[in-house]
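Asks: I would like to see how this sequence folds:
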Amino acid sequence: QWGEEITTTTEGTFVERTYVYTVPMDYTSIPVIVENCDIAVFVSESHQEIYSGVTIPAVDGTTLITASLTVPSIMVAQGTPNTANSFAMDFTNLLSADEEFEFTLSTENTPEGWTSSFTINSNTYETTGIETITTGTPTALTIDVTPDSETGFAKFFLSIQSVSQPNTNAITVEVYVVSNVVNLLLHNQGTWNGGTPADLEDDYYAAFEVAGVENYTSCSYKAFLLAANEADVVNSFSNIFFNVAWTFPGLTNQNVAVLGEFIDNGGNLFIAGQDMGWDTWESAGNGTDETKAFYTNYLNADYIGDGSSSDNSINPNTEDEFFGDLGTSSIIDIYGGNMYPDEIDPIGTGEQIVYYNGGTSKGAGVRSMTGSAKVVYLGFDPSMVTDVDVRNDIIVKTFDWFMNGVGFEEMNQTAISVYPNPFKDQLNINMALDGKTQVDLVNVLGATVYSQEFNTANIRMNTKNLENGVYILILKNASQQYTQQVMIQR
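Replies: Reported below is the predicted structural model:
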């Protein structure tokens, strides 16, 4: 089932295999039409990720390589509004003669106001173009993306197909631009009975709207790991909501390294999904020393045991300062006969926030702090919560805790007016509060770029020297704190 082991692994060596396969008349009573089939060959070191592969039609397919394309120096760019991002490559025709190639640029998760194009042979196209490429000579190719003020983590996919050799594999490249993202919904890899974590996106987005979350978007697991290879892209997010759902593996050496660094740099993490504890700690799971250390030291949780359908309701820890008035709700199986909510207890800086089954003997959720960073970990998926108000309130309370200071009472929002927003060179703040107020602006990289103390209720902030983008405004006096996302847009 998992193929043939390759033991010749020295770089530059060539491996050749010949296989004979008799195509059956049908698969599970479905007739086989060979003309509709493809042949796929791939290389993988594990059962989780394909390193390299090719798919060709079963009839008249060919592995002829028509061209080559260099990899851009960056795959994920940190964008700013109204500023172009260019991904430069060299495209080479490897056929024996000059050849026409069709170039097609498609986009995914791209805000309406963003623009994108590609340029080849000094000709620029927005979607599709055919160009004759000289054989053997590298030709400059660029993908250009300009975001506007809308939040986005957008994918741009360029496919290049030989016109005279339509049965060959297309040459492809995908790049991403991230702009104005403060809150990221990260969907894990994997599936269950045909479902994927991305199928639950609407539940998260609905809760974000109730919570007043701004500047949010989502991305795939693959895009997230690509972003982690580029300096400061992941650390530009303030909050990551990791939607593990019911997928395996939940924690990997790769993602805990990225998430651990994100938390170390002050980022806040919400992570939720059933069986993540089981997968990390049980012998049949995918746990490693690295993932277990992350579970212990960053989630500040102790895996107690694998739950079942008998763990069918949640209730708050009424003594918790932030989640104590969360409502109660039943939770249900949304995974086609697979209900395994993890039982978890707090350790280290952890605090129990949710229990199962109306009592206090089975823990369902933990919040904790690592330095200034805050983490909320649930042993179940929010989409399992049947009461929509409770489901939404989990995110509301998480976001409120993320954005408000520990040990500070939240300032009365009705006593504060911040305008205009977006703004250009001056931000006005009017407060019905007395005493000194510390005012800070924090950029998407977590750096404080403006800090000043005022002793007036009417504040005028001069921001002429700050760049366009999203910032977190923090107002703090002796006992209260107020936070709000603001944007400079010129």
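Asks: wait, what's in contact with residue 139?
Replies: 90-93, 120-121, 133 (C-beta atoms under 8 Å, 6 or more residues apart in numbering). Every residue, glycine included, has its C-beta placed from N, CA and C.
Asks: Of the residues you listed, select the buried ones using a ChimeraX command.
Replies: Entered in ChimeraX, the line below selects the buried ones among the contacts of residue 139, by 16 or more other C-beta atoms under 10 Å:
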select :91,92,93,120,133
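Asks: of the contacts of residue 139, closest to residue 69?
Replies: Comparing these against residue 69 with C-beta to C-beta places residue 91 closest, at 5.3 Å.
Asks: For the closest one, which non-adjacent residue is spatially closest?
Replies: residue 141 (4.5 Å; C-beta to C-beta, 6 or more residues apart in numbering).
Asks: can you give me the strands for the stretch 251-400 of the chain?
Replies: In the stretch 251-400 of the chain, the strands defined using DSSP state E, counting those that start in this stretch lie at 268-273, 301-306, 313-316, 329-330, 342-346, 351-356, 363-370, 373-378.
Asks: Next up, the contacts around the residue nearest to the spatial centre of the chain.
Replies: The centre of the chain sits closest to residue 186, judged by C-alpha atoms, centre = their mean, with a distance of 2.9 Å. Residue 186 makes contact with 218-219, 221, 224, 240-243, according to C-beta under 8 Å, 6+ apart.
Asks: Helices - which of those land there?
Replies: Those of those mapping onto helices are 221, 224, per DSSP state H.
Asks: Most widely separated two among the contacts of residue 186?
Replies: Farthest pair in the contacts of residue 186 (C-beta to C-beta) is 221 and 241. Separation: 13.3 Å.
Asks: picking that back up, which among the strands of the stretch 251-400 of the chain is found nearest to residue 486?
Replies: So among the strands of the stretch 251-400 of the chain, strand 268-273 is nearest, using C-beta to C-beta, at 18.6 Å.
Asks: Check which residues of the closest one are buried.
Replies: 268-273.
Asks: Note down every partner strand of it and its orientation.
Replies: strand 239-245 (parallel), strand 373-378 (parallel) (DSSP bridges).
Asks: how about those strands in a markdown table, adding distance to residue 228, mean pLDDT and mean neighbour count?
Replies: Below are the strands paired with strand 268-273 laid out as a markdown table (distance: least, C-beta to C-beta, whole Å; pLDDT from 0 to 100; neighbours: other C-beta atoms under 10 Å):
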| stretch | distance to residue 228 | mean pLDDT | mean neighbour count |
| --- | --- | --- | --- |
| strand 239-245 | 11 | 97 | 25 |
| strand 373-378 | 17 | 95 | 24 |
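Asks: re the thing from before, quick check: which element contains the residue nearest to residue 91?
Replies: Assessed by DSSP states H and E, residue 141 sits inside strand 139-146.
Asks: How far does that strand sit from its chain's centre?
Replies: Put simply, strand 139-146 sits 25 Å off its chain's centre (C-alpha atoms, centre = their mean, to the nearest Å).
Asks: isn't residue 376 right up against residue 401?
Replies: Yes: between residue 376 and residue 401 there is a contact under C-beta atoms under 8 Å: 7.5 Å.
Asks: Pull up the overlap in contacts between these two.
Replies: Counting by C-beta under 8 Å, 6+ apart, the shared contacts of residue 376 and residue 401 are residue 367.
Asks: which non-adjacent residue is nearest residue 218?
Replies: residue 185 (4.0 Å).
Asks: Helix, strand or coil: sort out the one you found for me.
Replies: strand (DSSP: H, G, I helix; E, B strand; the rest coil).
Asks: Quick check: it touching residue 237?
Replies: No: in this structure residue 185 lies outside contact range of residue 237 using C-beta under 8 Å: 10.5 Å.
Asks: so how far is residue 450 from the residue nearest to the centre of the chain?
Replies: From residue 186 over to residue 450 the distance is 29 Å, taken as C-beta to C-beta, to the nearest Å.
Asks: and if you look at residue 232?
Replies: From residue 232 to residue 450 the distance is 19 Å (C-beta to C-beta).
Asks: Which one's more surrounded, those two?
Replies: Legend: neighbour count by other C-beta atoms under 10 Å for residue 232 and residue 450, higher for residue 450 (18 against 12).
Asks: ok so the more buried one is a strand residue?
Replies: Yes: residue state for residue 450 (three-state DSSP) corresponds to a strand.
Asks: so what's it up against?
Replies: With C-beta under 8 Å, 6+ apart, residue 450 has these contacts: 439-441, 461, 463, 466.
Asks: low-confidence ranges in the stretch 301-450 of the chain?
Replies: 404-414, 433-434 (pLDDT under 70).
Asks: would you list every one of the helices in it?
Replies: Applying DSSP state H, counting those that start in this stretch to the stretch 301-450 of the chain gives helices spanning 388-403.
Asks: In strands, which of the contacts of residue 139 fall?
Replies: Counted as lying in strands by DSSP state E, out of the contacts of residue 139, are 90-93, 120, 133.
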